[in-house]
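**Student:** 3D model of this:
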Amino acid sequence: MALFQEIDTLNYPAMPNPQDYDKTTSRVWLWPEAKIKAVVQRDPTNAHGDGYLVFPLSLTVFDQDNRHILTVALQQTDFRMLAFMTGEKLKDLKGDKKGYLSPINVGIYRPQKYEEFDLFEEIDSTEEMVSTLLELVSDELDLWEEPVVSNFSAFA
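**Tutor:** Down below sits the predicted model:
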């Protein structure tokens, strides 16, 4: 019996593609006791082709049976794509903001629920971003052990 439920990406119109990572060089974080792994993804594509969200960084989480059970992502709305998709004017969508991307927020994709929230503090480095996402994964899955980093090839 599976402990976690698998995510069906068809439930979400925009989310990171859980299979869009380099299987030879990607960093993987492991929770050995729980038999959980989280793959670091940089700028993954949308799971359903072109989408209105871009993902500077995400962690896609798999269980011991290699089922996709959670994704936590830093994400931004691409107002150009959203304007194209909806027919709205770009200026109406982005307001007075400069550029075409929204501020970064966090998206948590679960099997039955999606949640989005703003970052509480500015994150300056990739390591801080990964650390923040790892904390969210640990909280979401109630993991108490510290994750260890590995290369994907060592885990496969």
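**Student:** Remind me what the helix ranked longest in the chain packs against, helices and strands.
**Tutor:** Criterion DSSP state H: the longest helix present in the chain is helix 126-141. On a contact count with 3 or more CB pairs under 8 Å, 6 or more residues apart in numbering; DSSP states H and E, helix 126-141 meets strand 27-31, strand 36-42, strand 53-62, strand 68-77, strand 105-109. From N, CA and C alone the C-beta is placed, and that goes for glycine too.
**Student:** export these to TSV and tack on mean pLDDT and mean neighbour count?
**Tutor:** Shown next, in TSV, are those (pLDDT from 0 to 100; neighbours: other CB atoms under 10 Å):
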stretch	mean pLDDT	mean neighbour count
strand 27-31	94	19
strand 36-42	94	22
strand 53-62	95	23
strand 68-77	95	23
strand 105-109	95	19
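**Student:** so what's the residue located most distally from the centre of the chain up against?
**Tutor:** Most distant residue from the mean C-alpha position of the chain: residue 89, 28.0 Å away (CA atoms, centre = their mean). Each residue near residue 89 by CB atoms under 8 Å, 6 or more residues apart in numbering is listed here: residue 83.
**Student:** what does the longest helix of the chain contact?
**Tutor:** With contact meaning CB under 8 Å, 6+ apart, helix 126-141 is reached by 4, 27, 29, 31, 34, 36, 38, 40, 56-59, 61, 69-70, 72-74, 106, 108, 110, 119, 123, 143-144, 147.
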